[in-house]
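In: Here is a sequence with its predicted model. Questions after.
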Amino acid sequence: MVKAKAKPACHSRLGHSSTFPLPSSISQQQQPSTPLYISHPLPSPFLHTPTTSSPENMDTQQGEAPLPPPPLFGDILELTLAHVPLADLVSASRVSRSWERAVSSSLRHLNPAKPWLLVHSQGARPPYAVSARAFDPRTGVWLDVCLPQPAKHASTLRSSSHSNLLFMLSPSRLSFSSDPLHLTWRHAAPPLVWRADPIVALVGHRLVVAGGAFDFDDDPLAVETYDLRTEVWGACGSVMPALLKDRSASAGLSVAADEDRMYVTEKLSGVTHSYDPEADAWHGPHDLSPHGDVYCCLVGCCSGRLIMVGLLGSEENVKGVRAWEVERGTWRAREIGEMPPEMVRKMQGERFCASSMSVCCAGDFAYLSRDSDPGTAVWCEVAGDGGCRWGRAESPAASCGRGQQPERVVFTCANVGMTELNRALASGDRRDVIRSA
């Protein structure tokens, strides 16, 4: 009888468990045709376990090395990769061409990439460092994201409740970033009118800045746009509606934007205005509050649809959370989902101030967050047929490092895939750019 030689088990660098455990490290020297052998046998029916009287086991009884388990490939490999966090699939895709195809197939057919929630914290003391933590709903894991600092000058990090836009405003310049993981920042001269807490939104190729000016300024309702193509500021002839004048951009207003318009909603009333920078025109007001018990209205854009998330009850006693799709033109709200009662019960006993609540959207996902508890977020996945699937992400609050208390916490949401992760890993030390929280 010809005895089979035992093949050494390869080890994976993927440090996460899954339905079928991956090896502890993946050899970078492995040839494309080399099969990977798992270090533990797969459960039945994928692997036949020989009995003590079978011929396969006779060699083991005589002191010979046992046969290695079968290689991990095909459907089993793709199913295994479907449970591996997206950040680790970058390394897995580099094992061999067959693994690269398996990663691509798994993401396409079994468990596709989903929008990430990013929690950005800024330190309260010099050097005012900014750190970030990300939640990936695809596998339900939190990740620490270590990226270059946005600006050398001291300024407060801000997000105007708008998707993946971050900005920092000082008397000397405006810095902003809109790529998914904020790898690049752009710097411009400050707006013509100094603003303490403005609305800022990216509409097409224009950065719109409105409100937030001081009362003693000549025009506290002035609107300005920064053209990303020409890198020039322009003053708009249409001023911001007076109804929004006394509302703080970060606390009292919810902002959403698509390629054509910016939408500004007063959180307590649901009254909404929209601004078209191409026509330099404001539209509204529109009352979006569809329910008498809604005390906080938040808006966002999911896959081209205007979505409103409403909290029912009061700040001290949240009775429910619902989502509506707003039909632009008629401005009618159609309910598309309600948070399950068991999730609502977890919110009771805590205070949910409208001023601290925000929603950010990307793809079909909307994340509901609050500044006072940055380690907990509720997500809503809007289905194509109009329904919703709800979930909850819990993690310790993002830290600014070395005991610093965060001065400010802001949220963004973005579509993150293999392309964005490869770019992020190429920007620094692979071991430190993105790692498990």
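Out: Received it, and whenever you're ready, just let me know what you need. Numbering: from 1, shown residues only.

In: Pull the distance from stretch 195-210 to the chain's centre.
Out: 21 Å (C-alpha atoms, centre = their mean, to the nearest Å).

In: again, but for stretch 316-327
Out: On C-alpha atoms, centre = their mean, the centre of stretch 316-327 falls 21 Å from that of its chain.

In: Could I get the buried residue list for it?
Out: 318, 320-326 (16 or more other C-beta atoms under 10 Å). Glycine gets a C-beta too; all of them are placed from N, C-alpha and C.

In: just checking, which of the residues you listed belong to helices?
Out: In helices, judged by DSSP state H, none of the buried residues of stretch 316-327 are found.

In: Of these, which is the nearest to residue 222?
Out: Among the buried residues of stretch 316-327, residue 326 lies closest to residue 222 (C-beta to C-beta), at 27.6 Å.

In: residues touching the residue nearest to that closest one when sequence neighbours are not counted, list them.
Out: Nearest residue to residue 326, sequence neighbours excluded (C-beta to C-beta, 6 or more residues apart in numbering): residue 306, at 4.3 Å. By C-beta atoms under 8 Å, 6 or more residues apart in numbering, residue 306 lies in contact with 256, 258, 263, 299-300, 325-326, 328.

In: export the residues you listed to TSV and tack on secondary structure and distance to residue 156?
Out: Formatted as TSV, the contacts of residue 306 follow (DSSP: H, G, I helix; E, B strand; the rest coil; distance: C-beta to C-beta, whole Å):
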residue	secondary structure	distance to residue 156
256	strand	22
258	coil	27
263	strand	24
299	strand	24
300	strand	23
325	strand	34
326	strand	31
328	coil	33
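
In: Give me the buried entries from those residues.
Out: For these, buried by 16+ other C-beta under 10 Å: 256, 258, 263, 299-300, 325-326.

In: Residue 375: which of the residues you listed is nearest?
Out: For the buried ones among the contacts of residue 306, the nearest to residue 375 is residue 300 (20.9 Å; C-beta to C-beta).

In: what's near enough to touch the residue nearest to residue 137 when sequence neighbours are not counted?
Out: By the measure of C-beta to C-beta, 6+ apart, the closest residue to residue 137 outside its immediate chain neighbours is residue 114, 4.8 Å from it. Contact analysis of residue 114 by C-beta under 8 Å, 6+ apart lists 136-138, 363, 365, 381.

In: Between its first and last residues, how far does stretch 175-184 reach?
Out: 10 Å (C-alpha to C-alpha, to the nearest Å).

In: tell me which residues in it are buried?
Out: 175-178, 180-183.

In: In the helix or strand hosting residue 79, which residues are buried?
Out: Element membership for residue 79 (DSSP states H and E) is helix 74-81. Neighbour-count burial for helix 74-81 flags 76-81 (criterion: 16+ other C-beta under 10 Å).

In: Beyond it, next helix or strand please.
Out: Next element after helix 74-81 (DSSP H and E): helix 86-92.
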